[in-house]
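K.L.:
Below are the sequence and a predicted model for it; my questions follow.
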Amino acid sequence: MPTLAILDYGMGNLHSMAKALERVAPESRICITHSAAELRAADRIVFPGQGAIGHCRAELAQRDLLGLLPELAREKPMLGVCLGLQAALAYSEENGGTPGLGLFPGRVQRFPAGIAEGPGLPPIRIPHMGWNRVEPTRTHPLFAGIAPGSRFYFVHSYYAPAESPDVAAVCHYGVPFAAALGRGNFFAVQFHPEKSQHAGLRLLANFSRWDGSCPAQVFGV
Amino acid sequence: MALAKRIIPCLDVDAGRVVKGVRFEGLRDAGDPVEIARRYDEQGADELAFLDITASHQGRDTLLHMVEAVAAQVFIPLTVGGGVRTCADIRRLLNAGADKVSINSAAVSRPDFIGEAADHFGSQCIVVAIDARRVPGSDSDPRWEIYTHGGRRPTGLDALEWAERMAGLGAGELLVTSMDRDGTGLGFDNALNRAIAARVEVPIIASGGVGELAHLRDGVLIGHADAVLAASIFHFGTHTLSDAKRFLAASGIEVRLDAIAEPS
């Protein structure tokens, strides 16, 4: 039975993620852990997260995970979720500037205050909270069976720029931003698949069966 | 513009059971929160809100089991409120599967609690519930006062200043209930919601007074709410969530229709 580990480093609600994975991956053993041995032995890893990035980094450091995570991200399928996406970039402007894991290049920044989604519309609310459309920019096994433009649930005030060589899906909220980034067997999403009903469960089901391979076709090319 | 306006059904819970009569066709045990949550989820609810009105400690444990049971079956955001006073209360609810907690009286008795909670758990899961009433005689230049204890106890706090202070301390969202309109079916106090929306950057959930679908529309278009919350129009089967979604979409409001099965 393959093991799917959810990384527990004291940031956020792991119960929902575990329940969603139990639902879609009955053939996997779901474990919630921060033990290096268990993470190394797992077949797949979910790297979740909520809250502030400075706190996230401190908690990862305290559990000796800052060095281990990039190593695991090279070795086996890993899914970053929300703060798990932001922490994977090189740098975040949050908390006065916080270095990330550097799995993706780029800087995480705050949504600019006072901008609107269009002329005559009120300024955007921060955090970006609710169901927004996600448009894949390339085919990826984790989006199999999910219609382009499907809505996923977001809650965040900081974002990774859409202009990234690793971008796999974009979303718009005043500015375009990366809804998903992927490189090799590491994939990360800004939204919460565990809270995104059918589309979210489908993405998690896809992940629970993903072998980490990633065909490099681009839409429309 | 693609972020959908949210529709949130609200359920009152006592000792882990939904109270305030919920009547769905073909639903025998109307008080089962899991069954009700599933029904709303299938109809396209964007989130669910549970308000715990239990007084006893024993009832609180039952609430946690209820949240666990709902979270195991329904994969949309869950907000749970009622009697949240400490960071330990918040942790228990989040561990049980709540995504956000709503805090009301405890914010009034100790505003710094909101800052501590946001630091600890992140603003994304801290909703401050604001119960407000119009100050009598202020109709030409309306002002609103914050109340606690189900709208019975005045606090002397100005609602707009309070909203700004709560957002500044780290509330990720404000749930604004008009105690003048709650239970009347006359529609939201859109002037209140609009005034608060103009004052803060965080999303606003409008609550209190929905009696027909047009009120949901007005909450968004006139009140500038980012989400609209209602109880009785959904509980009594007057309208389904899908009806509400289609009505808002027909009014030109962006809503999430993905979840709604086409009528057969």
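P.N.:
Yes, it's here. Numbers count the residues shown, from 1 in each chain, chains lettered A, B, ... in the order given.

K.L.:
Could you pull up the residues touching the closest residue to chain A within the stretch 1-150 of chain B?
P.N.:
Closest residue of the stretch 1-150 of chain B to chain A, Cβ to the nearest Cβ: residue B:122 (3.4 Å). Any C-beta I mention is one placed from the backbone N, CA and C, and that applies to glycine too. By Cβ atoms under 8 Å, 6 or more residues apart in numbering or on different chains, the contact list for residue B:122 reads A:12, A:50-52, B:172.

K.L.:
What pLDDT is listed against it?
P.N.:
Residue B:122 carries a pLDDT score of 87 in this model.

K.L.:
same question, residue A:221
P.N.:
34.

K.L.:
what about the closest residue to residue A:91 other than its chain neighbours, which helix or strand?
P.N.:
In space, and not counting its chain neighbours, residue A:91 is closest to residue A:107: 4.8 Å by Cβ to Cβ, 6 or more residues apart in numbering or on different chains. Assigned by DSSP states H and E, residue A:107 falls within strand A:104-110.

K.L.:
For that strand, buried residues please.
P.N.:
A:104, A:106, A:108-109 (16 or more other Cβ atoms under 10 Å in any protein chain shown).

K.L.:
C-alpha coordinates for that strand, CSV please?
P.N.:
Provided in CSV are the C-alpha atoms of strand A:104-110 (Å, rounded to 0.1, in the frame of the first residue of the first chain):
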residue,chain,number,x,y,z
PHE,A,104,11.2,27.9,-7.8
PRO,A,105,12.7,31.3,-8.8
GLY,A,106,10.9,34.5,-8.0
ARG,A,107,9.5,36.7,-5.2
VAL,A,108,6.2,36.3,-3.4
GLN,A,109,4.6,39.7,-3.0
ARG,A,110,1.4,41.2,-1.5
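
K.L.:
so where's the stretch 51-200 of chain B uncertain?
P.N.:
By pLDDT under 70, the low-scoring segments of the stretch 51-200 of chain B are B:55-58.

K.L.:
Tell me where it has strands.
P.N.:
B:78-81, B:100-103, B:126-134, B:144-148, B:153-158, B:173-178 (DSSP state E, counting those that start in this stretch).

K.L.:
isn't there a strand covering residue A:45?
P.N.:
Yes: counting by DSSP: H, G, I helix; E, B strand; the rest coil, residue A:45 is part of a strand.

K.L.:
what's near enough to touch it?
P.N.:
When contacts are counted by Cβ under 8 Å, 6+ apart, residue A:45 is found next to A:4-7, A:39, A:72, A:76-79.

K.L.:
Tell me the one of those nearest chain B?
P.N.:
residue A:6 (13.6 Å).

K.L.:
isn't the closest one right up against residue A:42?
P.N.:
No: judged on Cβ atoms under 8 Å, residue A:6 makes no contact with residue A:42 at a distance of 9.4 Å.

K.L.:
Common neighbours of the two, please.
P.N.:
Residues touching both residue A:6 and residue A:42 (Cβ under 8 Å, 6+ apart) are residue A:31.

K.L.:
end to end, how far does stretch A:87-98 reach?
P.N.:
Terminal residues of stretch A:87-98 are spaced 9 Å apart (Cα to Cα, to the nearest Å).

K.L.:
Make JSON lines from the contacts of residue B:122 and add secondary structure to it.
P.N.:
Formatted as JSON lines, these follow (three-state DSSP):
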{"residue": "A:12", "secondary structure": "coil"}
{"residue": "A:50", "secondary structure": "coil"}
{"residue": "A:51", "secondary structure": "coil"}
{"residue": "A:52", "secondary structure": "coil"}
{"residue": "B:172", "secondary structure": "coil"}
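
K.L.:
Hmm, which of those is lowest in pLDDT?
P.N.:
residue A:12 (69).

K.L.:
possible to save the contacts of residue A:45 as TSV with secondary structure?
P.N.:
Shown next, in TSV, are those (three-state DSSP):
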residue	secondary structure
A:4	strand
A:5	strand
A:6	strand
A:7	strand
A:39	helix
A:72	helix
A:76	coil
A:77	coil
A:78	strand
A:79	strand
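
K.L.:
Specify which member of those residues is nearest to residue A:57.
P.N.:
For the contacts of residue A:45, the residue nearest residue A:57 by Cβ to Cβ is residue A:7; the value is 13.7 Å.

K.L.:
Secondary structure element holding residue A:17?
P.N.:
Assessed by DSSP H and E, residue A:17 sits inside helix A:14-24.

K.L.:
phi, psi of the residue of the stretch 1-150 of chain B closest to chain A?
P.N.:
Main-chain torsions, residue B:122, degrees, to the nearest 10: phi 90, psi 140.

K.L.:
distance of it from residue B:49?
P.N.:
Relative to residue B:49, residue B:122 is positioned 19 Å away (Cβ to Cβ, to the nearest Å).

K.L.:
buried stuff in the helix holding residue A:17?
P.N.:
A:14-21, A:24.

K.L.:
Go through stretch B:241-254 and flag the buried ones.
P.N.:
B:241-249, B:253-254.

K.L.:
Looking at those, which are in helices?
P.N.:
B:241-249 (DSSP state H).

K.L.:
now these in CSV, with distance to residue B:227 and pLDDT?
P.N.:
Converted to CSV, those look like this (distance: Cβ to Cβ, whole Å; pLDDT from 0 to 100):
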residue, distance to residue B:227, pLDDT
B:241, 13, 94
B:242, 17, 94
B:243, 17, 95
B:244, 12, 97
B:245, 13, 96
B:246, 17, 96
B:247, 16, 97
B:248, 12, 97
B:249, 16, 97
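
K.L.:
neighbours around residue 164, how many?
P.N.:
All of this refers to chain A. 17 (other Cβ atoms under 10 Å in any protein chain shown).

K.L.:
that's the wrong chain, I wanted chain B
P.N.:
Residue B:164: 16 neighbours (other Cβ under 10 Å).

K.L.:
give the contact list for it.
P.N.:
Contacts of residue B:164 (Cβ under 8 Å, 6+ apart): B:199-200.

K.L.:
same question, residue B:258
P.N.:
Residue B:258 neighbours (Cβ under 8 Å, 6+ apart): A:150-151, A:197-199.

K.L.:
Could you measure from residue A:204 over to residue A:79?
P.N.:
Counting by Cβ to Cβ, the separation of residue A:204 from residue A:79 is 8 Å.
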